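**Student:** Mind folding the following:
(one chain, ligands or ions: 2)
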Amino acid sequence: MTPETAQPNDNDQGGESAEDRVRIFDTTLRDGEQAPGFSMDRRAKLCMAQALEALGVDILEAGFPQASPDDFAAVEEIARTLRNTTVCALARCQNGDIDTSARALERARHARIHLFLSTSPLHREHKLGMSKAQVLDTAVASIERARKYCADVEFSAEDALRTEPEFLVEVFSAAIAAGATTLNAPDTVGYTTPAEMVELFTYLRRHVRDAHKAVFSTHCHDDLGMAVANSLAAVSAGARQVECTINGIGERAGNAALEEIVMALKVRAPHFGLHTRIDTRKLYPTSRLLTQVTGQAVPRNKAVVGENAFAHESGIHQHGMLKHRGTYEIMRPEDVGIAATTLVLGKHSGRHALRQRLEALGHSLDDAALDGVFKLFKALADRKRDIRDEDLEALALGLDPDATGPWRLDQLNTSSHLGSSASATVKLIHDDGRKVGEAAIGDGPVDAVLRAIERATGTDMVLTRFQVRAMSEGGDAQGYAQLTARHARHDWNGSSVSTDIIEATAHAALAIVNRIERQGIERHANAAPLQGVSV
Ligand SMILES: CC(=O)SCCNC(=O)CCNC(=O)[C@H](O)C(C)(C)COP(=O)(O)OP(=O)(O)OC[C@H]1O[C@@H](n2cnc3c(N)ncnc32)[C@H](O)[C@@H]1OP(=O)(O)O
Ligand SMILES: CC(C)C(=O)C(=O)O
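**Tutor:** Residues are numbered from 1 along each chain as shown. Ligands and ions are numbered 1, 2, ... in the order given. You can find the predicted model right below:
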């Protein structure tokens, strides 16, 4: 790579001055990966890098090439693959690191070398054993070396927020003179408050020589839970690059969460008067991809991308949401790539949400009937954390939602072969003592199981909806199967949970058959046999 072949990405350059765009520098694959439990192999990194480019990050820190041959290869592969995003490699202020980074970035369309060196007294004395003058000289020499390879060079003053501000000004002024185009002041140990952030960035922009020639950047850690607030504070004081990670992963308590920064700037645009190039509708899918490649789930209550971010259980909130979504939501789920708001029915819910859900399930009740169902619903919700549609249906139809049987699954075997149909055999036991075995073939194992159950129980069903989802992460994840089937001109819901998704489906189908039988409905009420979804 030469300065000629590694010109800066026009998208990323420019001084901080009057610009109203905040550059999103994603470090999920570097700082994010440094956290215990978040290692990613090359394939996973490439897959994430492509998703991050599609998301619209401006700069993607792909790794630390000197760290290992695999990290080098990952950076090289990402650099070769991405078209629009600037690919960045981290390097210590050491010749070997710089040369290795330059080699890893050789094929990048837009490359950046990111140099870092500690500037705080604690790190100078105890970690590096360097004087101020040595830090200054080392930084300058490294920036000059990196500039020989690459026109886009970022310099980070590690532990900047615990550095003497005058010394930081000296280092940053020298860094600009040596050719650095981005200056990053990281809160490496997550120690700072938002007010201190504003103070430092204001000071730096005022006192660093030729400050307009560089983009000021912030990189915050979440040790005291202030990473996002601190990043936004830096932005409000003139930083125009934010270093952050998907789901906030990173060293120790993590980095500032990209999705939170981006949505704060979007939702509070009138306050900040700034924008990013992120396609926010890809935030949730990107977050989910990261949980899949790392096997690490995000907490339910995580801002923007957590399972509860757009879910409401309390009756008073649900009532408000049914009248106007703005009552309890400051952003739309579809804007972050989540399908819809959910009104979860539970012990805190009220009549308005219950009525709405029952109507969606096809049960229109008058006020008196609703009151009756509501009482039963509250009693059930006190016993059961997770109220499902089939529980509500049972209540609406005057059935006991806790009832089980009469059919139970005794044995289940399936076999499937790539490119051909699947077969299933089931053995069921009825409360009246019957034991019934049946076999069937289907388009897939689930289809075959459903057909076998239909035959064994003699219940016609037309499958209208089939959903499976993981309820937990990892190899022993619990799978949740939810079926809707039409029988006797009515939709019936059944669901079940198991580590084996075929078994969960069989139990969900039996739940439907049982409910039909308990209600005493003619079991051959449909003209057509089970059909619909090919699974
Ligand atoms: C704040 C941050 O997140 S910085 C990034 C942190 N990330 C990582 O450390 C992940 C990748 N790291 C690694 O794989 C390894 O640490 C390596 C390969 C880079 C280095 O391994 P080793 O050579 O065995 O050194 P080790 O990690 O034990 O110690 C760090 C060395 O780098 C030096 N060093 C630390 N930071 C810098 C810097 N910014 N510039 C120059 N030298 C530095 C230390 O003084 C120490 O030097 P010494 O070996 O002469 O005492
Ligand atoms: C390398 C730098 C930017 C860093 O990760 C930190 O200071 O936390």
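**Student:** got the residues of this protein near ligand 1?
**Tutor:** Residues of the chain lying close to ligand 1 by CB under 6 Å from any ligand atom are 31, 34, 64, 66-67, 92-94, 116-117, 128, 158, 188, 251. For the C-beta atoms, the positions are set from N, CA and C on the backbone; glycine is no exception.
**Student:** between those, which is nearest Leu409?
**Tutor:** Nearest to Leu409 among the residues of the chain next to ligand 1: Gln34, at 46.8 Å, using CB to CB.
**Student:** what's around the nearest residue to Lys282 once chain neighbours are set aside, how many residues?
**Tutor:** Once flanking residues are discounted, Lys282 sits nearest to Leu55: 4.6 Å by CB to CB, 6 or more residues apart in numbering. Look at Leu55: counted by other CB atoms under 10 Å, it has 27 neighbours.
**Student:** Likewise for Asp99?
**Tutor:** Using other CB under 10 Å, Asp99 has 17 neighbouring residues.
**Student:** who are the neighbours in contact with it?
**Tutor:** Asp99 sits next to no residue when contact means CB atoms under 8 Å, 6 or more residues apart in numbering.
**Student:** Next: the one 3 residues further on.
**Tutor:** By CB under 8 Å, 6+ apart, the residues touching Ala102 are Met1, Ile113, Ala146, Tyr149, Cys150.
**Student:** Helix, strand, or coil at Gln411?
**Tutor:** When classified by DSSP: H, G, I helix; E, B strand; the rest coil, Gln411 comes out as strand.
**Student:** what do you get for Gly346?
**Tutor:** Following three-state DSSP, the label given to Gly346 is coil.
**Student:** hang on, isn't it packed against Ile387?
**Tutor:** Yes - with contacts counted by CB atoms under 8 Å, Gly346 reaches Ile387, the gap being 6.0 Å.
**Student:** the more surrounded of these two?
**Tutor:** Using other CB under 10 Å as the criterion, Gly346 and Ile387 rank with Ile387 on top: 22 against 17.
**Student:** mind listing what the nearest residue to that one once chain neighbours are set aside touches?
**Tutor:** Nearest non-adjacent residue to Ile387, counting by CB to CB, 6+ apart: Leu345, 4.7 Å away. If you count contacts by CB under 8 Å, 6+ apart, Leu345 has them with Glu313, Ala353, Leu354, Arg357, Phe377, Ala381, Ile387, Leu392.
**Student:** Which strands and helices lie in contact with whichever helix or strand Gln292 is part of?
**Tutor:** According to DSSP states H and E, Gln292 maps onto helix 283-294. Here helix 283-294 touches helix 42-55, helix 258-267, going by 3 or more CB pairs under 8 Å, 6 or more residues apart in numbering; DSSP states H and E.
**Student:** relative to helix 42-55, how tilted is it?
**Tutor:** Calculated by axes from the mean of the first three to the mean of the last three CA atoms, to 10 degrees, helix 283-294 forms an angle of 170 degrees with helix 42-55.
**Student:** what's the spacing between Leu409 and Arg351?
**Tutor:** Going from Leu409 to Arg351 by CB to CB, to the nearest Å gives 37 Å.
**Student:** Ser217 now?
**Tutor:** Distance from Ser217 to Arg351, by CB to CB: 52 Å.
**Student:** Same drill for these two, tell me which one is more crowded.
**Tutor:** Taking neighbours as other CB under 10 Å, Ser217 and Arg351 compare with Ser217 leading, 25 against 16.
**Student:** one step back: what do Gly346 and Ile387 both touch?
**Tutor:** Common neighbours of Gly346 and Ile387, using CB under 8 Å, 6+ apart, are Ala381.
**Student:** Columns secondary structure, distance to ligand 2 and pLDDT on top of the contacts of Leu345, output as a markdown table?
**Tutor:** What follows is the contacts of Leu345, written out as a markdown table (DSSP: H, G, I helix; E, B strand; the rest coil; distance: CB to the nearest ligand atom, whole Å; pLDDT from 0 to 100):
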| residue | secondary structure | distance to ligand 2 | pLDDT |
| --- | --- | --- | --- |
| Glu313 | coil | 38 | 96 |
| Ala353 | helix | 45 | 97 |
| Leu354 | helix | 49 | 97 |
| Arg357 | helix | 47 | 96 |
| Phe377 | helix | 50 | 97 |
| Ala381 | helix | 46 | 96 |
| Ile387 | coil | 45 | 92 |
| Leu392 | helix | 50 | 94 |
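**Student:** Report the separation between Asp431 and Phe116.
**Tutor:** Asp431 is 70 Å from Phe116, by CB to CB.
**Student:** which of those two has more neighbours?
**Tutor:** For Asp431 versus Phe116, the count of surrounding residues by other CB under 10 Å is larger for Phe116: 23 against 12.
**Student:** Nearest spatial neighbour of that one, chain-adjacent residues omitted?
**Tutor:** The nearest residue in space to Phe116 (CB to CB, 6+ apart) is Ser156, at 3.9 Å.
**Student:** What's opposite the one you found in the beta bridge?
**Tutor:** Phe116, Asn184 (DSSP bridges).
**Student:** pretty sure it is touching Ser118, no?
**Tutor:** No - here Ser156 does not reach Ser118: they are 9.4 Å apart, not a contact under CB under 8 Å.
**Student:** Confirm Ala139 sits in a strand?
**Tutor:** No - membership of Ala139 in a strand is not supported by three-state DSSP, which gives helix.
**Student:** In contact with it: list those residues for me.
**Tutor:** Cys93, Leu115, Leu117, Phe155, Val171, Ala174, Ala175, Ala178.
**Student:** For the second one, report the pLDDT, please.
**Tutor:** Pointing back at Leu115 there. If you check Leu115, the pLDDT there is 99.
**Student:** What's the local residue count around it?
**Tutor:** Residues near Leu115, counting by other CB under 10 Å, number 25.
**Student:** check contacts around it.
**Tutor:** By CB under 8 Å, 6+ apart, the contact list for Leu115 reads 91-93, 98, 139, 142-143, 146, 153-156, 180.
**Student:** now do the fourth one
**Tutor:** Under the criterion of CB under 8 Å, 6+ apart, the neighbours of Phe155 are Leu115, Phe116, Leu117, Ala139, Ile143, Phe172, Ala175, Ala180, Thr182, Leu183, Asn184.
**Student:** Which positions in stretch 19-32 come out as buried?
**Tutor:** Arg21, Val22, Arg23, Ile24, Phe25, Asp26, Thr27, Thr28, Leu29, Arg30, Asp31, Gly32 (16 or more other CB atoms under 10 Å).
**Student:** Next: stretch 81-94.
**Tutor:** By neighbour count on 16+ other CB under 10 Å, the buried set for stretch 81-94 is Thr81, Leu82, Thr85, Thr86, Val87, Cys88, Ala89, Leu90, Ala91, Arg92, Cys93.
**Student:** Switch the residues of the chain next to ligand 1 over to a markdown table; also include distance to Leu232 and secondary structure.
**Tutor:** A markdown table is the format used below for the residues of the chain next to ligand 1 (distance: CB to CB, whole Å; DSSP: H, G, I helix; E, B strand; the rest coil):
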| residue | distance to Leu232 | secondary structure |
| --- | --- | --- |
| Asp31 | 18 | helix |
| Gln34 | 23 | coil |
| Phe64 | 27 | coil |
| Gln66 | 32 | coil |
| Ala67 | 30 | coil |
| Arg92 | 29 | strand |
| Cys93 | 29 | coil |
| Gln94 | 33 | coil |
| Phe116 | 23 | strand |
| Leu117 | 26 | strand |
| Leu128 | 31 | helix |
| Glu158 | 22 | strand |
| Thr188 | 18 | coil |
| Glu251 | 20 | coil |
